[in-house]
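[1] Mind looking at a prediction? Sequence and model below.
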Amino acid sequence: MSGPRSARAGWRVRLATGFVFLFLYFPLLIIVLYAFTTQSAAFTFPPPGFTTRWFTVAFQDEDMWEALRLSLSVAALATGASIVLGGLLAGAVYRARFLGKNVVAFIVVLPIALPGIVTGIALRSTLSLADIGFGFWTIVIGHVTFCIVIVYNNVVARLRRMSPNIVEASADLGASGLQTFRYVVFPNLVTAILAGGILAFALSFDEIIVTTFTAGQQQTLPIYIFSILFRPRAKPVTNVVAMLAIAITFVPILIAQILARDPTAGPMRAGGE
Amino acid sequence: MSVIAPAVEGSPARRVGAFFYRHPAVRLSLFLLPGLLWLGALYIGSLGSLVVYSLWSLEEFTGLVVREFTTSTYRELLEPANYEIVLRTAGMAAAVTVACAILAFPFATYMARYASPRVKTFLYLAVIMPLWSSYLVRALAWRSILAGEGFLMWALERVGLDGVVRTLLGVPIVGGPSLVQSKISLFIVYVYLWLPFMILPVQAALERVPVSFLEASNDLGARPGTTFRRIVLPLAKPGLVAGSIFTFSLTLGDFILPQIFGTSEFFLGQMVYVQQGVAGNLPLAAAFTFVAMAVMMLYLGAAKRAGAFEAL
């Protein structure tokens, strides 16, 4: 970055920007390309021929549908729970002054700031100490733990941007606390809650590290993808399922970005400007 | 149009509201309790039980965990094979973080300073979409790009550079038996996966650098390089630190990629995975995890002081 703002960036900045953009998106094209290759055990470039038969193979795999169903129901439950827990925490931390407020803010961030393996092993030790069998509910417990922060971050960011005067005005005009929440606070928050919820859903849907430690014999979609990765034959099936996984999260994430429209967003929040 | 019914004096809703208004501590506790029970009791409690496990040991003959306090598991970490794993992983995490920062900076600069609002929105979405899509799925793409007969070797052969790659693979620390199975590819894939986590906070930080600062620096005779070092970089620091939390932590705790792209040399996450799974040695797995946790906790403490948490 050199001196005053110029209309055009220097060639080096433009070249680097173009390179990074290609670097981010070229691999996604490659996934699509090899979902159609005729080779079953190699990734020769350019592919020798194209076929759609891997789609048939993937869609006839009952394990794939089972994994997809499990991932969707885990994500739905984890999202619901994190909206309640994360939303309440955001409401508590915002504006209120209390001893340990910083500690709360720190604890909320920990599950995503610490390596996933820490969360995974920690929960696994506790669950085995408590003699709780690993299964559907333990997967949900793990997911809620790292999804809370997503909702929390989105709601706190919105609360910070909301004028505190409107709450006072509502009270001055005679609204009860519930009415103020129902007619003033909630309409201001609803898109942030939705955006946070969608991102939490996407995070849960794609998570594999913590899930590996909290799942029993069940396979979520990422665990299923990982398990078929090392099959010597029908390699393009992984690409087909990968495309499906991307497609399921792509549109909702886009919607979350549009809902949030926060120009100051960091990686763990939705933005859109 | 919504009409707010005036609450009758003394209606139940009003009395509840008034009660909470007069007792903010009660309201606060109600808001905090569910979340704190979950994160405070369950999660922090779990981190505690991880520490407890790391202070137990495995009885080698029976394969059972001996629930007695001992430091023997931590002493095992000091064996060369084990601490090399820690160093190797930390080195990879540091290298990935630096590479992400170098790639992110010009891109974030372009977004913050030169892009028109429409292009900026487009680039923003272009960064955020991969960040939220499955990392396993995106890693898969590289398996085919880096394959021996795949795109990268094909492209390099066109320009006659394939020999360079073969030479690099022979270099002890970075190389490996094949391009897919080498530390070079592991490094490339990590950089690819975590790059969006670095771009976003750096861009947000650069966004807040006033153009007048840059103009003033220029007017006072500073060269572009000096302005970058003394104005831009210090102001971008919270963003860089926030991004590095992710790039470092995500590399430190991953055990999936080394299984796809790695060599026979283990990484920390992989070791934890194998120890708790196949080997059934939860104490050793916990001790390794504790190292990762301690490193990140120290880093997070420093990051919080640098004001990086606002940028998450």
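    Yep, that arrived. On a predicted model such as this, the values are computed, not experimentally measured, just so you know.
[2] Give me the residue at the spatial middle of chain B.
    residue B:246 (2.2 Å; C-alpha atoms, centre = their mean).
[3] Quick check: that one vs residue B:46, distance?
    Residue B:246 is 22 Å from residue B:46, where distance means C-beta to C-beta, to the nearest Å. C-beta: built from backbone N, CA, C; applies to glycine.
[4] And the residue nearest to the centre of chain B, its phi and psi?
    The phi and psi values for residue B:246, taken as degrees, to the nearest 10, are phi -70, psi -50.
[5] wait, doesn't it sit right on residue B:198?
    Yes - counting by C-beta atoms under 8 Å, residue B:198 is a contact partner of residue B:246 at 7.3 Å.
[6] about what we covered before: look up how far chain A lies from the residue nearest to the centre of chain B.
    6 Å (C-beta to the nearest C-beta, to the nearest Å).
[7] and what of residue B:269?
    5 Å.
[8] chain center to the helix or strand containing that residue, what's the gap?
    Counting by DSSP states H and E, the element that carries residue B:269 is helix B:268-276. With C-alpha atoms, centre = their mean, to the nearest Å as the basis, helix B:268-276 stands 18 Å off its chain's centre.
[9] which helices and strands does the helix or strand that comes right after it pack with?
    Proceeding N to C from helix B:268-276, the next assigned helix or strand is helix B:282-305, under DSSP H and E. If contacts are counted by 3 or more C-beta pairs under 8 Å, 6 or more residues apart in numbering or on different chains; DSSP states H and E, helix B:282-305 sits against helix A:101-113, helix A:116-129, helix B:45-54, strand B:57-58, helix B:72-77, helix B:80-109, helix B:233-252, helix B:268-276.
[10] So which of these is nearest residue A:78?
    helix A:101-113 (12.2 Å; C-beta to C-beta).
[11] Can you name the residues that contact residue B:189?
    Contact analysis of residue B:189 by C-beta atoms under 8 Å, 6 or more residues apart in numbering or on different chains lists B:139, B:142, B:257, B:261.
[12] and the two most separated of these?
    Greatest spacing in the contacts of residue B:189, by C-beta to C-beta: B:142 and B:257 (9.2 Å).
[13] the helices in chain A, which residues?
    A:11-35, A:53-59, A:62-93, A:101-113, A:116-129, A:136-161, A:165-172, A:177-180, A:186-206, A:209-214, A:221-228, A:236-260 (DSSP state H).
[14] closest to residue B:170 out of these?
    Among those, the nearest to residue B:170 by C-beta to C-beta is helix A:11-35 (25.7 Å).
[15] Quick check, the residue in chain A closest to chain B?
    The minimum distance from chain A to chain B, using C-beta to the nearest C-beta, falls at residue A:115 (2.2 Å).
[16] ok, that residue touching residue B:255?
    No - here residue A:115 does not reach residue B:255: they are 9.7 Å apart, not a contact under C-beta under 8 Å.
[17] neighbour-wise, which of the two wins?
    In this view residue A:115 and residue B:255 are compared by other C-beta atoms under 10 Å in any protein chain shown, and residue A:115 has more residues nearby, 28 against 25.
[18] which residues does the closest residue to that one other than its chain neighbours contact?
    Of all residues not flanking residue A:115 in the chain, residue B:253 sits nearest, at 2.2 Å (C-beta to C-beta, 6 or more residues apart in numbering or on different chains). If a contact means C-beta under 8 Å, 6+ apart, then residue B:253 has A:114-118, A:209, B:268-269, B:292 as its contacts.
[19] next one: phi and psi at the residue of chain B found nearest chain A?
    Here chain B gets closest to chain A at one residue, residue B:253, 2.2 Å apart by C-beta to the nearest C-beta. Note on residue B:253: its backbone torsions stand at phi -100, psi 10 [degrees, to the nearest 10].
[20] helices and strands of the chain: which one has the lowest mean pLDDT?
    Went with chain A since none was named. helix A:177-180 (a mean of 81; mean pLDDT, DSSP states H and E).
[21] Please refer instead to chain B.
    Going by mean pLDDT, DSSP H and E, chain B bottoms out at helix B:12-22, a mean of 71.
[22] Only alpha carbons, please: show that one as CSV.
    Taking C-alpha atoms only, helix B:12-22 is exported to CSV below (Å, rounded to 0.1, in the frame of the first residue of the first chain):
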residue,chain,number,x,y,z
PRO,B,12,-49.0,-9.6,35.1
ALA,B,13,-46.6,-8.8,32.2
ARG,B,14,-46.1,-5.4,33.5
ARG,B,15,-45.4,-6.6,37.0
VAL,B,16,-42.9,-9.2,35.7
GLY,B,17,-41.2,-6.5,33.7
ALA,B,18,-41.1,-4.1,36.6
PHE,B,19,-39.7,-6.8,38.8
PHE,B,20,-36.8,-7.5,36.4
TYR,B,21,-36.3,-3.7,36.0
ARG,B,22,-35.9,-3.3,39.7
